[in-house]
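K.L.:
Pasting the sequence and the predicted coordinates here, then a few questions.
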Amino acid sequence: MEDKLRDIRSTRNPKARIKIMEGHFATTHSHINVYIDMSTVKHRHNNARETANELASKYITSKSIDTIVCLDGTELIGAFMAERLADNSAMSINSHKNISVITPEFNQMGQMIFRDNIQRMIRNMQVLLLVASATTGKTIDRAMECIEYYKGNPCGISAIFSNVKEIHGIEINTIFTSDDLPEYRAYSYNDCPYCKQNMKIEAIVNSYGYSKL
């Protein structure tokens, strides 16, 4: 399957790039026809830094941020975002801040939780949520509920790719949208046209990558 991957580069910054592969894939919440591989921007520090700079640029002069909550293995990008936002040479309203970069834990019920020693980084803080991709928005919904449960104030959502424009009235700040991937479609399990045509699912995909079936 690897030979089917092809590059998509951001028009804003070509170093912020993803790979895509067309087919029939299953995620936790839906079936999709395009798998988006984000290994480069999540794990290579130069690409992660360039991606972080693009995402952070929206908040430099407009948003006070105390904590970045990272999902989908985006901690490296989150750390570079914090560095960019706190840069005292960038005219940022977050200059000199010591921004927290944290990740929730999942309990046996699949619920997001923050341990007691981390909760102080959420409580009464301005919290930015960072995700790799937003397909249906359900994971973001859960994360927002979790942040609010621990008395945090969700002030922004950033994603490398998003198929939705806003959630809970908050616009999603993203590098790639469905306009960059016009062929991208997400379907509920019951409405998937590929399943109705008895087309085999090629892989299970999640934030870690894909597993061929």
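P.N.:
Here it is on my side, so go on.
K.L.:
Roughly how far does I102 sit from F114?
P.N.:
Computed as Cβ to Cβ, to the nearest Å, the I102 to F114 distance reads 7 Å. For every residue, glycine as well, the C-beta is placed using N, CA and C.
K.L.:
So for these two, which residue has more residues nearby?
P.N.:
Taking other Cβ atoms under 10 Å, I102 and F114 do not tie; F114 has more neighbours (21 against 18).
K.L.:
what residues are up against the more buried one?
P.N.:
Contact analysis of F114 by Cβ atoms under 8 Å, 6 or more residues apart in numbering lists I102, P104, E105, M121, I122, C146, Y150.
K.L.:
Please repeat the previous calculation with a cut-off of 6 Å.
P.N.:
Contact analysis of F114 by Cβ atoms under 6 Å, 6 or more residues apart in numbering lists P104, I122, Y150.
K.L.:
Show me the helices in this protein, by range?
P.N.:
Ranges of helices in the chain, per DSSP state H, are 39-43, 45-56, 75-85, 116-119, 138-149, 193-196.
K.L.:
can you redo those as TSV with mean pLDDT and distance to T11?
P.N.:
Shown next, in TSV, are these (pLDDT from 0 to 100; distance: least, Cβ to Cβ, whole Å):
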stretch	mean pLDDT	distance to T11
helix 39-43	91	15
helix 45-56	94	11
helix 75-85	96	19
helix 116-119	96	37
helix 138-149	92	24
helix 193-196	94	30
